[in-house]
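[1] Test case, fold it:
(one chain, ligands or ions: 1)
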Amino acid sequence: MSQYEQGDLFAAAAKPAQAMLLQDLTQLQALLQRWAQRRWLRALDAQLPQTLHQLATEPNALVWLLTALLCHQYGRGHSCILLQDLLDDPDGLLSLPPQNQFLQRFSDRPSQLLSGMGMADYRQALQGSRWLSTDADAAPLVLNDNRLYLRRLYQAEQLVKQQISQRVAAVLPLAPDVAGQLNRLFPATAHSEPDWQKLACAMALQRRFAIITGGPGTGKTTTVVKLLALLQQGAAGKLQIKLAAPTGKAAVRLTESISGALSRLPAELTAAIPTEVATLHRLLGALPNRRSFKHHSDNPLQLDVLVVDEASMVDLEMMAALLSAMPAKAQLVLLGDKDQLSSVEAGSVLGDLCRGADLGGYSADTLALLTPYSELPLATWQGSGTVLNQATVMLRHSHRFDAGSGIGQLAAAVNCGDTKAPSLFSQFEDITLLAGNTPLALKATVLAGYRQYLQLMQQSADNTQSGREQWAGAVLGSYSQFQLLCALRSGDWGVEGLNLQIGQWLSSAGLIDARQHWYAGRPVMMQRNNYGLGLMNGDIGITLPDPQSGQLRVVFQLSDGTLKWVLPSRLTEVETAFAITVHKSQGSEFNHCCLILPPDNSPILSRELLYTGITRAKQNFTLLCANPALLQQAIARRVSRSSGL
Ligand SMILES: Nc1ncnc2c1ncn2[C@@H]1O[C@H](COP(=O)(O)OP(=O)(O)OP(=O)(O)O)[C@@H](O)[C@H]1O
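    As a prediction, the model looks like this:
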């Protein structure tokens, strides 16, 4: 009999009923089922302890509970549970009860169940468990420094740490005339700040791993193109350079922006730089129905330099797969905006890697690498930053948004937690706040936003191949002018409710006929990667009547710019995309973005969510918000994901 069953663990517990529950597996299982029925946990979370128990019996109910909670946290994007956080604020950490139920009173909240527990209780329970990995035994849980992991995630985190440390340790030699070349590509300016683009280039030239982070329009692509030109010039032969992005949509965007950046450089510098961008899954060679890839440490990628854009969307396991497939001598450059929401899957890798990047935190050695290329002294950026700070440069000046741009000002104010940000709406024309009567305002906004592409769709295309492609391309282009974003998935204010409502409004306006599940004009978003079709999670297509056959097809734009026509019946995992979550909008930009916030407070409303939503807009941003007080609360709230990076 374990100590739990003897009851001494709960001797000091204030709530005997909860203590009983943690001594009795049957009662605990019933509790997990109850939480799953309330949709507090996924069925998978409640089931995992049972599945593990069948493989290796575990009599301790506390271990069962921690395992189910760990799986729940993994589903919410956390790589691990910090046991101290679980002790301090279980309900807040676990978001149980969840966002839409948190105002109700429940007597079986985690805080009540776990009250009276201490760190020693957790450690004692876990260390006695067969589910905990030891040096000799690869079990499913890992306890490291009071962080509890699923072993897969722990291994991925270790691999990322180890690989990056190794890559950052080496300093690569520079070509003799690199200072002159950098000066030609980055002419001196009268700015009072160092030229961070030039310094990012100087840093990445000398490292096998570098991160160039910055907000929208800060010149990440411009800088990386110059970097690639310099690397190629300094190389003995032609370099194998590859470009990648986490989603198809992000790949299309990078292709466009790389082509734009190349056109601004002299042709002799750009000849060897590719414009073709692969998704990470394709680059690594995803294997059907498997987590592993064709390329890994024993079969590395064949390349000299890899640039990965939109790195904030790369989750921990993908980053581990990518790093292990990198040839030891090759250079990896990550581009991304560290302040955006993290990946949908577990991990907040870019955010974690860039922690402290705002301050520089450069060691004397790193400053010695950068100083020869800076017109201004860099002493204020010296510090005792992490190993990763030594490979990271943050671009700080947006060249896309000038001082007259409300989008740029609003994004910056939200990002630094300035609660006066809402006052900017009255000062700029490109940002609009619609507070108060939200349904009416929403209806007017989406009808105006989606009318144009639907009317274009109704103009028939000619029957020729080129006529069909031109028409479909124009409809897709027109769709991307406007997008409604929301914070939640379920409920009236989530994607589910909003898509239904918008479908009805557009039908009443005669713009679509939504009586069938598939109808002309229905925009859909892929919810999973479909390698057979070459479509990735997050890709948006539009259902169109094929002018040649008259049948409905869903048309997607691929990363090389071509269109793919797919039979609707082949698309099983798609959702209507009149409204999409901010999470799913990452990697995309729209001329006009409208973000709608729910009327009630919710932990999901955060600074990162607002910032990511605002920065999806290129020309106009509208915020629909029934309760403006929520805006202040969202700006003040930060997302934090547990990880050991
Ligand atoms: N140093 C600079 N001086 C003037 N204009 C610049 C400079 N750097 C970049 N730009 C311009 O700013 C715009 C945005 O640059 P770029 O696309 O490189 O930024 P980005 O950070 O990659 O943007 P995104 O947020 O879309 O990823 C481009 O029009 C580019 O020409």
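[2] For the longest helix seen in the chain, which helices and strands make contact with it?
    The longest helix of the chain (DSSP state H) is helix 438-458. When contacts are defined as 3 or more CB pairs under 8 Å, 6 or more residues apart in numbering; DSSP states H and E, helix 438-458 sits against helix 465-479, strand 482-486, helix 495-508, strand 540-545, strand 590-597, strand 617-625. No exception for glycine: its C-beta is placed from N, CA and C like everyone else's.
[3] Contact partners for the nearest residue to residue 507 once chain neighbours are set aside?
    In this structure, residue 507 finds its nearest non-sequential neighbour in residue 514, 4.8 Å apart by CB to CB, 6 or more residues apart in numbering. Residues in contact with residue 514 (CB atoms under 8 Å, 6 or more residues apart in numbering) are 503-504, 506-507, 522.
[4] Residue 514 in helix, strand or coil?
    Under DSSP: H, G, I helix; E, B strand; the rest coil, the three-state class of residue 514 is coil.
[5] Check the gap between it and residue 34 for me.
    Distance check for residue 514 against residue 34: by CB to CB, to the nearest Å, it reads 37 Å.
[6] likewise residue 293?
    According to CB to CB, residue 293 and residue 34 sit 39 Å apart.
[7] more crowded one of those two?
    Per other CB atoms under 10 Å, whichever of residue 293 and residue 34 has more neighbours is residue 293, with 20 against 14.
[8] hmm, which of the contacts of residue 514 are the buried ones?
    503, 506, 522 (16 or more other CB atoms under 10 Å).
[9] could you dump those residues to JSON lines with distance to the ligand?
    Putting these into JSON lines (distance: CB to the nearest ligand atom, whole Å) gives the following:
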{"residue": "503", "distance to the ligand": "31"}
{"residue": "506", "distance to the ligand": "30"}
{"residue": "522", "distance to the ligand": "28"}
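[10] So for the helix or strand that contains residue 283, mean pLDDT?
    Secondary-structure assignment from DSSP states H and E places residue 283 in helix 280-284. The average pLDDT for helix 280-284 rounds to 91.
[11] packing partners for it?
    Applying 3+ CB pairs under 8 Å, 6+ apart, one finds that helix 280-284 contacts strand 241-245, helix 316-325.
[12] change it to 10 Å
    Here helix 280-284 touches strand 241-245, helix 248-263, strand 305-308, helix 316-325, going by 3 or more CB pairs under 10 Å, 6 or more residues apart in numbering; DSSP states H and E.
[13] now the strands for the stretch 151-300 of the chain?
    Listed in chain order, the strands of the stretch 151-300 of the chain (DSSP state E, counting those that start in this stretch) span 209-214, 241-245, 277-279.
[14] looking at the ones you listed, which is closest to the ligand?
    Closest of these to the ligand is strand 209-214, at 5.5 Å (criterion: CB to the nearest ligand atom).
[15] Which elements pack onto the closest one?
    helix 151-169, helix 196-205, helix 220-234, strand 305-308, strand 331-336, helix 349-353, strand 392-395.
[16] For the ligand, find the nearest of the ones you listed.
    helix 220-234 (3.4 Å).
[17] mind listing what's buried in the closest one?
    By neighbour count on 16+ other CB under 10 Å, the buried set for helix 220-234 is 220-232, 234.
[18] Nearest to residue 638 among these?
    Using CB to CB, residue 220 comes nearest to residue 638 of the buried residues of helix 220-234, at 23.3 Å.
[19] so what pLDDT did that closest one get?
    We have a pLDDT of 93 for residue 220.
[20] which residues does it contact?
    By CB atoms under 10 Å, 6 or more residues apart in numbering, the residues touching residue 220 are 197, 200, 212-214, 254, 257, 261, 307, 309-311, 333-337, 395.
[21] same check, this time on residue 366
    For residue 366, the contact set (CB under 10 Å, 6+ apart) comprises 168, 171, 203, 206-207, 360, 378, 381-383, 385, 389-392.
[22] Just the buried ones from those residues?
    168, 203, 206-207, 360, 378, 381, 385, 389-392.
[23] Lowest average pLDDT across the helices and strands packed on strand 209-214?
    helix 349-353 (a mean of 80).
[24] Packing partners of that helix?
    helix 151-169, strand 209-214, helix 316-325, strand 331-336.
[25] now the helix holding residue 283, how far from the centre of its chain.
    Chain-centre distance of helix 280-284: 17 Å, with CA atoms, centre = their mean, to the nearest Å.
[26] How about stretch 318-325?
    16 Å.
[27] do the same with stretch 629-640
    The answer for stretch 629-640 is 19 Å, by CA atoms, centre = their mean.
[28] buried set for it?
    Applying 16+ other CB under 10 Å to stretch 629-640 flags 630-631, 634-635, 637 as buried.
[29] who's in contact with that stretch?
    Outside stretch 629-640, the residues that touch it by CB under 10 Å, 6+ apart are 77-78, 85, 93, 341-342, 348, 351, 413-422, 425, 433, 435, 487, 597-611, 623, 625, 627.
[30] By neighbour count, sort out the buried ones in the residues you listed.
    Neighbour counting over the contacts of stretch 629-640 (16+ other CB under 10 Å) leaves 77-78, 85, 93, 341-342, 348, 351, 413-415, 421-422, 425, 433, 435, 487, 597-598, 601-602, 604-611, 623, 625 as the buried ones.
[31] Which ones among those lie within strands?
    Judged by DSSP state E, the buried ones among the contacts of stretch 629-640 include 433, 435, 597, 623, 625 as members of strands.
[32] quick one: which of these is nearest to residue 178?
    Taking CB to CB as the measure, residue 178 lies nearest residue 623 of these, at 45.8 Å.
[33] Settle this for me: that closest one is touching residue 610, isn't it.
    Yes: with contact defined as CB atoms under 10 Å, residue 623 reaches residue 610; the gap is 8.3 Å.
[34] Residue numbers of this protein in contact with the ligand?
    Neighbours of the ligand within the chain, by CB under 6 Å from any ligand atom: 197, 214, 216-222, 257, 261, 399-400.
[35] Select only the buried ones of those residues in ChimeraX?
    Those of the residues of the chain next to the ligand that count as buried under 16+ other CB under 10 Å are selected in ChimeraX with:
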select :197,214,216,217,218,219,220,221,222,257,261
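[36] can the residues of the chain next to the ligand go into CSV with extra columns for distance to residue 143?
    Output for the residues of the chain next to the ligand, formatted as CSV (distance: CB to CB, whole Å):
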residue, distance to residue 143
197, 44
214, 37
216, 40
217, 44
218, 40
219, 44
220, 38
221, 42
222, 45
257, 44
261, 47
399, 47
400, 46
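[37] going on from the particular helix or strand that has residue 112 in it, what's the next piece of helix or strand?
    Using DSSP H and E, residue 112 sits within helix 110-113. Next in sequence after helix 110-113, counting helices and strands by DSSP H and E, comes helix 119-127.
[38] Report all helices and strands that the helix or strand following that next one contacts.
    Per DSSP H and E, the first helix or strand lying C-terminal to helix 119-127 is strand 141-144. If you count contacts as 3+ CB pairs under 10 Å, 6+ apart, strand 141-144 packs onto helix 61-75, strand 80-82, helix 119-127, strand 147-150, helix 151-169.
[39] Can you say which of those is nearest to residue 470?
    Closest approach to residue 470 among the helices and strands packed on strand 141-144 is made by helix 61-75 (43.3 Å; CB to CB).
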